[in-house]
Structure formats: C-alpha cells, structure tokens
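[1] Return a 3D structure for these sequence lines:
(chains A and B)
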Amino acid sequence: MAPILTVENLTMRFGGLTAVRDVSFAAAPGAITAVIGPNGAGKTTMFNCITGFYRPTSGSLTLRHEGREVALHRLAGHRIARAGVARTFQNVRLFAGMTALENLLVAQHRTLMAATGFGIGAVLGLSGYHAAEQAAIGRATAWLEACGLIDRADDPAGSLPYGAQRRLEIARAMCTEPALLCLDEPAAGLNPRESLALGELLRAIRDGKAAEGAAPCSILLIEHDMGVVMGISDHIVVLDHGSKIADGPPAAIRADDKVIAAYLGEGDEDEEGAA
Amino acid sequence: MAYALQQLINGVSLGMIYGLIAIGYTMVYGIIGMINFAHGDIFMVGAFLSLIGLLLITSGGMLDGTAAIILVLALSMVFTALYGWTVERVAYRPLRGSFRLAPLISAIGMSIVLQNYVQVAQGARVKPIEPVVQGGFTLMRDGSFAVQLSTMQILIITTTLAILAIFTWLVTRTPLGRAMRACEQDRRMASLLGIDTDRTISVTFVIGASLAAVAGTMYLLRYGVIDFYIGFLVGVKAFTAAVLGGIGSLPGAVLGGLLIGLIETFWSAYFSVQYKDVAAFSILILTLVFMPTGLLGRAEVEKV
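    This next block holds a predicted model:
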C-alpha cells in the first residue's frame, strides 16, 4: 500500500543551525509510526514542518489520502488541517476558556460552516443548521465518552486535570476527522497508569474503534517514554542531531547499535578522541 | 428626584450608543490585540450613510416613520460593514506579523483618511436633519418639571437591546462565534483545526462596523446634527468605555458604555456642561492607573 505520508530529503535550517538534515521516511497507512531520538534531535522541528508551523528550507512532504496527493510543504496552516493532518502539542494547547464540549465543536468548524451555508443558515435559523449542529454534538459526545470525559463536558477546559486535558486535546484533533494524527509527546507528564490507558486509546484510534463512527486513522508520534513507544508502535524512525540514524520495526530498533550509541552516548567521536 | 430620573433616562440612551461602539473596539482588541483607532470614524461613516439613506427614502415620500428607520438602519449596517471590511483588508491585514505598532499607526492613518474622505465628499459643514421621530410620554411631574421619555429614547434603548441580544447569541451559540472565540484564545491553534483565521478576523471587523452603524443611525436620529468630525470624540469616549469595562470583554463594553453615558450626563446636569469631556476622560486615566484590567476584564496571564 502507498504510504500515507512521505517525507523526502527534508531539511530545516534556522540561520546557521541545521535542525533537521536531509531526513526521508514513509509512514504506512493504518499504522502507528513513532519518531524518537535524544533531546535536540530535531523531532519537534520535523513535526512543525509537517503541520505547517514551519516552512521547510528544502525537501518535500506528501500526504496521500483518498486517492489524492497533497504537497503539505506548500499549504497555509488551515489548509493543512483541511487536507487531513491534525496535531497535539507537547505543552497542551486547549482553548482554556471554552468548555470541553465547545473545544470539540470548534474542531468541527469546517464541516459545520459548510453545512450551514457559511454561518448564514445559522443566523437565519434554517433547519439544515440544526441538523448539522446536532450531528456535531453527537460526534463530540462520542469522543468525550471515548476519553472518559463525558461528565465534564460543560467544564472549562482549563479547569480539567492535566491527564484529562491531554486526552481532550487528542479528542479535539480527532474531531477534525484527520487521515493522519500527529502527537507530540502525548505521554509527557502522565503517570504509568495513564500512559497505559493512552496506549490503548491510540491503538483504538488507529483501528477506528475509539469512538462511534470514527474512521481508522494513521498516527505519527514523538515520544520519550520508551515503554509507550515500544509497546504500541508499528514502525520507528530514530533521529539524532537532525539526521535519521535508523528506521524499522521496534524489535530491530531495540537491537540497533547506532540507536543504542545515540541514547547511551557510546562511540561518540568527540568523546573517543578525548579518551 | 424627578430631575435625577430624567438624567438617568438620558444617560442610559447615550450610554447605549457608546456601548455599541465600544463592542467594536473590544472585539478587535480581543482577536488581534490592536486598538482600531479608525473605529470612531467607521461610526461617523455609518452616521453619514444613514443620513444619505434617510434623505433618499423620505424625500421620495415613499416611506416614513418606523419602516423608514428600519430600512435606513439595514442599509447603513450593510454599507458600513463594507467599509469595516475594506479597512481591515487594506490597512491591517498586510501588516499582520509585522511589529506591534505598525497596525496601530496604520489605524490612525485610516482614521485621518476616512475623516478627510467624508469632508471632501460630503462637505465640511454641519448637516442637520428634521426630527424623524417625535413625541413621547411624560412619566411624572414634580412641580413645573416633567420627566420626559421620548419615543426616540425608547427606540434607541429597544433597538440596542435587540441588537445586543442577537449579537450575544451569535457569539455564544453559533459556529461562527465559537470560531471567533477560538481565534481570540489561540489563533495559531484555531488555524491548525481548519479555521480560516483571516476570514474570522474579517467577520469580526464586519460585525464591529455594523454595530457602529447602528450607533451612527441612533446618534443621527437622536441629535439631528452630524459632521465629519464626530467620530473622534465619540470614538475616544467609546474607547474609554471599552477600557473601563475591561478591554476584550463584551459584557464589559456594554457596561462601560452605560457608565460613561451616565457619568457624562450626570456631570453635565449637576456640575458643568463645558467640562463633561474632562469627566469622561478622567475616568480613562483613573482606570488605566488604578485598574488597568477594567471592571470585567481578566488579568493577562503570562504563558510559559
């Protein structure tokens, strides 16, 4: 099957610093692909390129979804979301002043606006608007249930506990009905029990079983928690100092010498020279 | 007592006009963090458009009274909204992402452009109109003093309340309003969720301008005279109202507008008419010094 996301020769420079250097890999559809690497390896920079936060210095990013090919590196922010890429952040970025339910409704803005004649229907109170709004609330409710947040639907998102905010952010990303879900350290700050539940949620999202009416969704994630990564990933890409050093299934990565060296600092040329 | 009641009625109807304009300031500040100094002049343009509409409609003798006012209001709202949209598109959007002062300076420029444009197009003389809505009720009598509630004041208060109700519903209950609030809290994130933030910002300007048009129409009907310069003073007072209520807060804008209207009216009634502007602007200074977040504003939380 053709990969859902193809990254080809991606390079991102900030002035004299090359944060990502000539990285290429492909993410298979219906799979969980993890990007790992030590601090400063360029994981988040690469993520920001994929989700339109940065415009890559060179290279290409191609999303293949429903028979269409989209060049992500040429799109404006909101068009990347419309092409089918959703993301979450390392430090949660919910709309803190809006309720949990409203956060999920905002994510369905585009479908709602299209169904209501770009808001004109809503102002005039047309029946089509009412039906669309009900459908949107239905989907939001299904995701609130999937994340165990249905009791807190009307609480401001900012008042939820940290673990719940993380789950809500994933639910919000899923409400845009993405083809590819990008998660930036989803397990950061979670306790072991919450991490385990997160792993299950991500597997369910991949298989389209997380919420009623959800379609299967490919996942790309950055993660530090090796337990989570090894447990749920189908494919792992390892970055170090901006370059790709390994790419393969978890078992192969675990045994890869270069990866072990990058993580444990062994065999580093500078240190060898000093010793 | 009767005198005070009369001032209360006058103050509320004036405050409603300030409140309508203040919403435009506060909404734009909320969504892109700039003070739209051209907003007062958008109000002035709205008043002029209502004047033109009123003359066109009534001089033909086709309509008069309430039907004419509703038509004038609608026309003025549509065309002023067009001005608001254009100002944003021409003067602010190209500067987005530039340094913070750039759109602010551009706004002052737009304010001067609009004033001079109207001065050249409509002439510098004061434009009076015949009173359109006359009559009223006498609420109570205290000796020789009669408390009057004019039909015009009833019209201003009811129209403003109706428009505010529609507006509140729009912001809190519709997808459009949700998108506006989302952009206000985190524009980048809203864009990542597929919201076209540029369009949402345009919509904000359009709504702000049409509310200013309502205020312009009400001002014209209430006072019966306008000129190309009214936007400045009224605009700065509405800005004061927005700051007093807490800039960025919509209920705060209405509350601030009412308070400024009342303070100005009571000051004129009991102290001196000449110094009524001093009273209003002293409030601005006092608020900025002692309560920078305003009455209903929330403190800026530094994100780390």
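[2] Please make it C-alpha for all contacts and neighbour counts, starting now.
    Noted.
[3] which regions of the stretch 51-200 of chain A lie under the pLDDT threshold?
    A:115-128 (pLDDT under 70).
[4] Residue of it nearest chain B, please.
    Chain B sits closest to A:H78 of the stretch 51-200 of chain A, with a gap of 4.4 Å, by CA to the nearest CA.
[5] what residues are up against that residue?
    B:S191, B:L192, B:L193, B:G194, B:I195, B:D196, B:T197 (CA atoms under 8 Å, 6 or more residues apart in numbering or on different chains).
[6] Identify the residues contacting the closest residue to the third one other than its chain neighbours.
    Think B:L193. Spatially, and ignoring its direct neighbours in sequence, B:L193 is nearest to A:A107 (5.3 Å; CA to CA, 6 or more residues apart in numbering or on different chains). Neighbour list for A:A107: A:R172, A:A173, A:C175, A:T176, B:L193, B:G194 [criterion: CA under 8 Å, 6+ apart].
[7] please redo it, this time with the cut-off set to 6 Å
    Residues in contact with A:A107 (CA atoms under 6 Å, 6 or more residues apart in numbering or on different chains) are A:C175, A:T176, B:L193.
[8] of the residues you listed, closest to A:N91?
    Nearest to A:N91 among those, counting by CA to CA, is B:L193 at 16.7 Å.
[9] Around chain B, which positions in the stretch 1-150 of chain A sit nearby?
    Residues of the stretch 1-150 of chain A lying near chain B by CA under 6 Å from any CA of the partner chain: A:G77, A:H78, A:A81, A:R82, A:A107.
[10] Quick one: the residues you listed as JSON lines, columns for secondary structure and distance to A:D22 too.
    Output for the residues of the stretch 1-150 of chain A next to chain B, formatted as JSON lines (DSSP: H, G, I helix; E, B strand; the rest coil; distance: CA to CA, whole Å):
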{"residue": "A:G77", "secondary structure": "helix", "distance to A:D22": "23"}
{"residue": "A:H78", "secondary structure": "helix", "distance to A:D22": "26"}
{"residue": "A:A81", "secondary structure": "helix", "distance to A:D22": "25"}
{"residue": "A:R82", "secondary structure": "helix", "distance to A:D22": "27"}
{"residue": "A:A107", "secondary structure": "coil", "distance to A:D22": "33"}
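[11] Which member of these is positioned nearest A:T45?
    Of all these, A:T45 sits closest to A:G77, with 15.4 Å by CA to CA.
[12] On the three-state scheme, the residue lying closest to the closest one once chain neighbours are set aside is what?
    The shortest distance from A:G77 to any non-neighbouring residue, by CA to CA, 6+ apart, is to A:G52 (5.2 Å). What DSSP: H, G, I helix; E, B strand; the rest coil gives for A:G52 is coil.
[13] Need phi/psi at A:G52.
    phi 80, psi 10 (degrees, to the nearest 10).
[14] again with B:M140
    phi -160, psi 160.
[15] separation between it and A:H241?
    Per CA to CA, to the nearest Å, B:M140 is found 83 Å from A:H241.
[16] which of the two has more neighbours?
    For B:M140 versus A:H241, neighbours defined as other CA atoms under 10 Å in any protein chain shown are more numerous around A:H241 (18 against 14).
[17] what's the closest non-adjacent residue to that one?
    A:A41 (4.5 Å).
[18] Equivalent analysis for A:V92, please.
    Per CA to CA, 6+ apart, closest to A:V92 is A:R166, 6.4 Å.
[19] Then B:A215?
    Using CA to CA, 6+ apart and skipping the chain neighbours, the partner closest in space to B:A215 is B:I17 (5.0 Å).
[20] Please pull up the helix or strand immediately following whichever strand or helix holds A:W143.
    Using DSSP states H and E, A:W143 sits within helix A:127-146. Remark: after helix A:127-146, the chain's next helix or strand is helix A:162-174, criterion DSSP H and E.
[21] got the angle for that next one vs helix A:127-146?
    Interaxial angle, helix A:162-174 versus helix A:127-146 (axes from the mean of the first three to the mean of the last three CA atoms, to 10 degrees): 140 degrees.
[22] ok, then the element right after helix A:162-174?
    Assignment by DSSP H and E places the next element after helix A:162-174 at strand A:180-184.
[23] Kindly export the helix or strand that that next one is followed by (C-alpha atoms) in CSV.
    Next in sequence after strand A:180-184, counting helices and strands by DSSP H and E, comes helix A:192-207. What follows is helix A:192-207, C-alpha atoms only, in CSV (Å, rounded to 0.1, in the frame of the first residue of the first chain):
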residue,chain,number,x,y,z
PRO,A,192,2.2,4.9,34.4
ARG,A,193,-1.5,4.0,34.7
GLU,A,194,-2.5,7.0,32.5
SER,A,195,0.3,6.1,30.0
LEU,A,196,-1.1,2.6,29.7
ALA,A,197,-4.6,3.9,29.1
LEU,A,198,-3.2,6.3,26.5
GLY,A,199,-1.5,3.4,24.6
GLU,A,200,-4.9,1.6,24.5
LEU,A,201,-6.6,4.8,23.3
LEU,A,202,-4.1,5.3,20.5
ARG,A,203,-4.4,1.7,19.3
ALA,A,204,-8.2,2.1,19.3
ILE,A,205,-7.8,5.3,17.2
ARG,A,206,-5.6,3.5,14.7
ASP,A,207,-8.2,0.8,14.3
